[in-house]
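Student: Below are the sequence and a predicted model; questions follow.
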Amino acid sequence: MSAVPAEPGIAYTREEIMVVAASRMLTNADVCLVGIGVPSVACNLAKLTHAPRIKLIYESGTIDTNPAVLPLSIGDSELCETSLTTVSLPEIFRYWLQGGRITVGFLGGAQIDRFANLNSSVIGDYSNPTVRLPGAGGAPEIATGCDRVFVVMDMSPRRFVGKLSFLTTLGHGEGGDHRQRLGVHTTGPVAVITDLCILEPEAGTKEMIVTTIHEGVTREEVEDACGWKLRFSEELGQTASPTAVELEALRSLQERTRRAHLGED
Amino acid sequence: MSSLLPSTRAVFDPTARPDDSLDGPAFLPLDEAIDWLVSDGMKVAMEGFTHLIPFAAGHEVIRQRRKHLTLIRMTPDLIYDQMIGMGCADKLVFSWGGNPGVGSLHRLRDAIEHGWPGPLEVEEHTHAAMANAYEAGAANLPFAVLHGYTGVDLPRVNPMIRSVECPYTGRRLATVPALRPDLAIIHAQKADRAGNVLVEGIVGVQKECAFAAKRALVTVEEVVDDLLPGSVNSVVLPSWTITAIACAPRGAFPSYAHGYYPRSNSFYLKWDAISRERDSFLAWMNENVLQSREMALS
């Protein structure tokens, strides 16, 4: 990972700007269904910095959880012990997600297409796959039940593809008003945050176009990392660099996590 | 004892829940409980979402060489990876098949991608659908209804995912058949001597699974004089809803039991290398499961 300066004397990695950019999408008004990995880091960073009143929910049933360190799995005891309450899986999926009580979902996947549809099921043919991936989990209903969806993925031509092997999770479908025509009335994907840039849906077409590029990344580098002919916003900007406060909070969270997991077993 | 049957059960298939559970559960050693309750070809659901995964019971099923099972579980996790790799299953009903926070389940992948050790039929759902399907089974409904599977490919490959029109709004709603396992196996913190069971922490879908199944086997960390539930709203499965209880200390290891022992994240990481190749997998299973009942204590 190349490192570029944030403020004079502070360097950061592309992984760090991806996490920080994702965390900035969240507000104090959000109730967020958190996935493991980068989404979990970003959500906890938001809570530690600009959005201390955000409510974090993990699909294991832990409501308004306040972990001091990041969980390895979606059901770590830390999440339960620091929650306001812990509920059953039917309650999470029926009352909270289907009930419209969650404002933001964070998703990833093995493949994404230009309308932010996701594949996490198979590479190749479904009945005779080259690679069997874990599958849908909560994602299909998170993508339609939460008001807004953020997708976080490293960018590469293998992952950003012209055609998905399998459509596990609906983004903007075939684009335009496809979600509405399917009877889905939530907003859907509002940003795809990558290690190189941020993509957002173009008004009208809902095709994901690049709106900001991270500092030190070239337009050609972004194009080469994408398997479809990528389009750029007319108002293309540069992603705001992480601040010293954000980097300090992120690094100490990751250091606390590393120490805690070393101490296990 | 039939007067203890809830009236709703009286109008429902009286053979669905055998009379053997009406007096409360049988307390048995784990090997006897598995020998009694698990037969080849059964539909078995072993639940526990990250927490309280019934590893000791799964290992006993492997030792007793049960075959042709339909295994049902939202997150197959390491326990079904082991059972599939040891040839216990013909079919898997699931919604997310990975090693949480680590990557692939290599034995599950090998079965689907290469048919080893035998072909594995899959019936794949989403978490929301399976949680709803257990609840429908527990509620004695034939199917579950949800806002789900919209605009995605799973209904194209799983013919059990269907839809109905809402009779009030005309809206199209997804349906999945209720889950009605022959046997539910769950792990819990403790049972009292009458056979009432307390489940605490991340409770997942275990209560729904136990109620949906024809019979329920519960393994517990310990049997105590008094459950001492944290409140009257604690998740307690009353004795007459359970068929058998087996005491299996550390029976959820390497997952965890809230209040007893932590999740062995390091074992979940190690499993990636152990399970990646058939030989290393078989050697590990032979040493730690077939030849030993001590895995749960490690």
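Tutor: Perfect, I can see it now. Numbering: from 1, shown residues only, chains lettered A, B, ... in the order given.

Student: Based on its surroundings, how many neighbours for the residue of chain A found nearest chain B?
Tutor: Nearest to chain B, among the residues of chain A, is A:Gly75, at 2.6 Å (C-beta to the nearest C-beta). (C-beta placed from N, C-alpha, C; glycine too.) A:Gly75 is flanked by 31 other residues according to other C-beta atoms under 10 Å in any protein chain shown.

Student: Which residue, neighbours along the chain excluded, lies closest to it?
Tutor: Sequence neighbours aside, B:Thr50 is the residue nearest to A:Gly75 in space, at 2.6 Å (criterion: C-beta to C-beta, 6 or more residues apart in numbering or on different chains).

Student: my read: that neighbour touches B:His258, true?
Tutor: No - with contact defined as C-beta atoms under 8 Å, B:Thr50 does not reach B:His258; the gap is 10.7 Å.

Student: which neighbours do the two share?
Tutor: B:Ile202 (C-beta atoms under 8 Å, 6 or more residues apart in numbering or on different chains).

Student: More neighbours: which of these two?
Tutor: For B:Thr50 versus B:His258, the count of surrounding residues by other C-beta under 10 Å is larger for B:Thr50: 26 against 21.

Student: In terms of pLDDT, where does the more buried one sit?
Tutor: At B:Thr50, the model reports a pLDDT of 95.

Student: Need the three-state assignment for B:Ile185.
Tutor: strand (DSSP: H, G, I helix; E, B strand; the rest coil).

Student: Please point out which parts of stretch A:177-187 sit buried.
Tutor: For stretch A:177-187, the neighbour count (16 or more other C-beta atoms under 10 Å in any protein chain shown) marks A:178-179, A:182, A:184, A:186 as buried.

Student: wait, what's in contact with the residue nearest to A:Gly75?
Tutor: Counting by C-beta under 8 Å, 6+ apart, B:Thr50 touches A:60, A:73-76, B:75, B:77, B:100, B:202, B:204, B:255, B:263.

Student: neighbour-wise, which of those residues leads?
Tutor: Neighbour max across the contacts of B:Thr50 (other C-beta under 10 Å) = A:Gly75, 31 neighbours.

Student: so where does that residue fall, helix or strand?
Tutor: For A:Gly75, there is no helix or strand it lies in under DSSP states H and E.

Student: and residue 234, backbone torsions?
Tutor: The chain I'm using is chain A. A:Glu234 adopts backbone torsions of phi -60, psi -20, taken as degrees, to the nearest 10.

Student: For it, grab the count of nearby residues.
Tutor: 7.

Student: so what's the closest residue in space to B:Arg109 that isn't next to it in sequence bridging to?
Tutor: Nearest residue to B:Arg109, sequence neighbours excluded (C-beta to C-beta, 6+ apart): A:Arg132, at 4.7 Å. A:Arg132 has these beta-bridge partners by DSSP bridges: A:Val122.

Student: burial of A:Arg132, as a residue count?
Tutor: A:Arg132 has 21 neighbouring residues, counting by other C-beta under 10 Å.

Student: just checking, it touches B:Gly115?
Tutor: No - the pair A:Arg132 / B:Gly115 is not scored as a contact, 12.0 Å apart, by C-beta under 8 Å.

Student: that older thread, of the contacts of B:Thr50, which belong to helices?
Tutor: Cross-referencing the contacts of B:Thr50 against helices under DSSP state H gives B:Asp77.

Student: Let me have the contacts of B:Thr50 in a markdown table, adding distance to B:Val38 as columns.
Tutor: Converted to a markdown table, those look like this (distance: C-beta to C-beta, whole Å):
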| residue | distance to B:Val38 |
| --- | --- |
| A:Ser60 | 27 |
| A:Ser73 | 27 |
| A:Ile74 | 29 |
| A:Gly75 | 26 |
| A:Asp76 | 30 |
| B:Thr75 | 21 |
| B:Asp77 | 19 |
| B:Pro100 | 26 |
| B:Ile202 | 25 |
| B:Gly204 | 21 |
| B:Ser255 | 20 |
| B:Arg263 | 26 |
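
Student: Quickly name whichever of the contacts of B:Thr50 is closest to B:Gly137.
Tutor: Among these, B:Gly204 lies closest to B:Gly137 (C-beta to C-beta), at 15.1 Å.

Student: I figured that closest one hits A:Gly61, correct?
Tutor: Yes - the pair B:Gly204 / A:Gly61 is scored as a contact, 7.1 Å apart, by C-beta under 8 Å.

Student: where does the chain have low pLDDT?
Tutor: Picked chain A for this. Chain A contains residues with pLDDT under 70 at A:1-9, A:263-265.

Student: nope, chain B please
Tutor: Along chain B, segments meeting pLDDT under 70 span B:1-22, B:295-298.

Student: which residue is nearest the centroid of it?
Tutor: Nearest residue to the geometric centre of chain B (C-alpha atoms, centre = their mean): B:Met46, 1.4 Å.

Student: How about the contacts made by that one?
Tutor: Counting by C-beta under 8 Å, 6+ apart, the residues that B:Met46 touches are B:53-54, B:57-58, B:71-73, B:79-80, B:184-186.

Student: give me that answer again for 6 Å
Tutor: B:54, B:73, B:185 (C-beta atoms under 6 Å, 6 or more residues apart in numbering or on different chains).

Student: Next, count neighbours for whichever residue of the stretch 151-298 of chain B sits closest to chain A.
Tutor: Residue nearest to chain A within the stretch 151-298 of chain B (C-beta to the nearest C-beta): B:Gly151, separated by 4.0 Å. Using other C-beta under 10 Å as the criterion, B:Gly151 is surrounded by 22 other residues.

Student: That one belongs to a helix, doesn't it?
Tutor: No - B:Gly151 is assigned coil when assessed by three-state DSSP, not a helix.

Student: what about the closest residue to it other than its chain neighbours, distance to A:Leu118?
Tutor: Using C-beta to C-beta, 6+ apart and skipping the chain neighbours, the partner closest in space to B:Gly151 is A:Leu170 (4.0 Å). Distance, A:Leu170 to A:Leu118, by C-beta to C-beta, to the nearest Å: 8 Å.

Student: now do B:Pro29
Tutor: For B:Pro29, the distance to A:Leu118 - C-beta to C-beta - is 47 Å.

Student: Kindly report the same for A:His261.
Tutor: 28 Å.

Student: who in chain B is up against chain A?
Tutor: B:49-51, B:96-98, B:100-101, B:109, B:112-113, B:124, B:126-128, B:131, B:135, B:147-148, B:150-153, B:157, B:201-205, B:258, B:264-266 (C-beta under 6 Å from any C-beta of the partner chain).

Student: next structured bit after the helix or strand that contains A:Val20?
Tutor: Assigned by DSSP H and E, A:Val20 falls within helix A:14-24. As assigned by DSSP H and E, the chain's next helix or strand after helix A:14-24 is strand A:31-34.

Student: now check that next one, is it near chain B?
Tutor: No - Strand A:31-34 lies apart from chain B when judged by C-beta under 6 Å from any C-beta; the minimum separation is 11.4 Å.

Student: May I have that strand as CSV, with CA atoms only?
Tutor: The C-alpha coordinates for strand A:31-34 follow below in CSV (Å, rounded to 0.1, in the frame of the first residue of the first chain):
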residue,chain,number,x,y,z
VAL,A,31,-29.3,3.1,13.1
CYS,A,32,-26.8,0.9,11.4
LEU,A,33,-26.7,-2.8,10.6
VAL,A,34,-23.0,-3.6,10.8
